[in-house]
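Novice: Structure of the sequence below:
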Amino acid sequence: MNLKKNFFLIAKWMLICLLIGFFSGSASAFFLVSLEWVTHYREYHNWIIWLLPVGGLAIGLLYKFYGSDVVKGNNLLLEEYENPQKTIPLKMAPMVLVSTLITHLFGGSAGREGTAVQMSGAIADQFKKPFHLNDSDRKTLIILGISAGFASVFGTPLAGALFALEVLYFSKITYKSIVLSFLVAYIAYFTVELWQVQHTHYQIPTIPALSLNHFSYIIVAGVLFGLTAMLFSRSTHLWATLFSKYIQDAPLRPFVGGLILVVAIYFMGTTKYIGLGIPTLVESFSTTNPWYDFLLKILFTGFTLGAGFKGGEVTPLFFIGATLGSALSLVIPLPIALLAGMGFVAVFSGATHTPIACSIMGMELFGVESGTYIGITCILAYYSSGSIGIYHSQIVKGSKYKLYQRFKKKDLEDF
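Specialist: All right, here's what the predicted structure looks like:
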């Protein structure tokens, strides 16, 4: 009897993974194709950037009248995992999809991971009722949604599975969730492949043998990447706080923010720091970037998201880390592509508190040969990025939490 029960239980979860993986992967495939189209249209019709305030107002009104219960985005997924209350409305998926495309079409600086994760999370949570799942199983659904969304949008199934587990505080995850997270990540990944949607590819052609000198360079770079992650996280939260404080009506925040961004883009005379920034990101692996590129991307992205535009933070974090690593090649004698790759994942590691997932992601994207450099850098960035990341509702525990708690207590005692 138990054997039959276990068989049906395994079959049920495999079916759930198949459905979540397929629908999430299909949603990500559609999103990636749509995002490429709006980005291409904007780059060849720059006049449309002048409509950014109108796009911002449209996003603000959309969420005010129809999406007040899903406006928290990724933080809603984290909150529902920690304290399950009610099923995440399916409308989160189309709303974040449309609003992210509007953001990119009119020239906002944002990413894509948040959109894919929110779409997948909303899709996954709908399976609670038809499969008669309890709150504990619902937590697993949220993990599967995050895993499928991340894996499918970046083409990194191993990192996607680990990111979902790590961002939700790894020690509280069940073994069942671990196995299913990997399964759904690969299903979502292969679904995107099935739709013949391509991901961006990067290369690190030269990786020197690790030496004591190289290790010292890694330490310097890792700490700088971690401090950069801290700057990004804090600046994004700061802009959101300032907009909320001085503009009470939520739909007006992206409208005003859009006006300021349009003026800034006009006077700078470049679209380099808006949208995903993929061309600059790819170029940073072979060409030294100006030292200020990463700072301007931090400013544009933090301001865009803080004003209320939609999209993710991860691709901008890739841009920030890669361009900083590229610029550091002027003072750190390591190959430019290696430094760009290290920064690519290390800044992400610090901003999301996920060094394991980021280390695996680096090896998936750049090859296992870079693993030692990538892994050490991600850990250093993680520990030097502070206790506040890009997700308000993320609970940080473990050694890092204890480290920064001691710092806080010491500061209070000194005070």
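
Novice: what's the spacing between Leu144 and Val184?
Specialist: Note on Leu144: its distance to Val184, by CB to CB, to the nearest Å, is 5 Å. Glycine gets a C-beta too; all of them are placed from N, C-alpha and C.

Novice: for Met119, same thing?
Specialist: Using CB to CB, one obtains 14 Å as the distance from Met119 to Val184.

Novice: sorry, back to before: next, show the common contact partners of Leu144 and Val184.
Specialist: Contact with both Leu144 and Val184 is made by residues Cys17, Ile20, according to CB atoms under 8 Å, 6 or more residues apart in numbering.

Novice: Those two - which one has more neighbours?
Specialist: Comparing Leu144 with Val184 by neighbour count (other CB atoms under 10 Å), the higher total belongs to Val184, at 38 against 33.

Novice: what sits against the more buried one?
Specialist: Applying CB under 8 Å, 6+ apart, one finds that Val184 lies in contact with Cys17, Ile20, Gly21, Ser24, Leu144, Ser147, Ala148, Ala151, Ala161.

Novice: Which parts of the chain are strands?
Specialist: Secondary structure of the chain (DSSP state E): no strands located.

Novice: Centre of the chain to stretch 306-326, how far?
Specialist: The offset between the C-alpha centroid of stretch 306-326 and the centroid of the whole chain comes to 8 Å, using CA atoms, centre = their mean, to the nearest Å.

Novice: Now Ile102: closest residue in space, sequence neighbours ignored.
Specialist: Computed as CB to CB, 6 or more residues apart in numbering, the closest residue to Ile102 that is not its neighbour in sequence is Gly55, at 4.5 Å.

Novice: The one you found and Gly108: what is the separation?
Specialist: With the distance defined as CB to CB, Gly55 ends up 8 Å from Gly108.

Novice: same deal with Asn83?
Specialist: Distance from Asn83 to Gly108, by CB to CB: 31 Å.

Novice: Which one of these two is surrounded by more residues?
Specialist: For Asn83 against Gly108, the residue with the higher neighbour count under other CB under 10 Å is Gly108, and the figures read 30 against 9.

Novice: now the helices: where do they sit in the stretch 1-150 of the chain?
Specialist: Assigned by DSSP state H, counting those that start in this stretch, the stretch 1-150 of the chain shows helices spanning 2-44, 52-66, 74-82, 92-105, 113-125, 135-154.

Novice: Out of these, flag the one nearest Gln394.
Specialist: helix 74-82 (5.6 Å; CB to CB).

Novice: doesn't Leu324 make contact with Pro290?
Specialist: No: in this structure, Pro290 is not within contact of Leu324 by CB atoms under 8 Å, at 10.8 Å.

Novice: Compare the two (neighbour count), which wins?
Specialist: Counting neighbours by other CB under 10 Å for Pro290 and for Leu324 shows that Leu324 has the greater number, 28 against 11.

Novice: Excluding sequence neighbours, find me the nearest residue to that one.
Specialist: Phe294 (4.1 Å).

Novice: Can you tell me the closest non-neighbouring residue to the residue positioned nearest the centre of the chain?
Specialist: Residue closest to the average C-alpha location in the chain (CA atoms, centre = their mean): Val314, at 3.2 Å. Sequence neighbours aside, Glu113 is the residue nearest to Val314 in space, at 3.8 Å (criterion: CB to CB, 6+ apart).

Novice: Over to Ala159?
Specialist: When the adjacent residues along the chain are set aside, Ala159 lies closest to Met361, with 3.4 Å between them (CB to CB, 6+ apart).

Novice: pretty sure that neighbour contacts Thr156?
Specialist: Yes: using CB under 8 Å, Met361 and Thr156 qualify as a contacting pair, with a distance of 5.1 Å.

Novice: coming back round to it: now list whatever residues contact both of Gly55 and Gly108.
Specialist: Overlap between the contact sets of Gly55 and Gly108, as judged by CB under 8 Å, 6+ apart, is given by Gly258.
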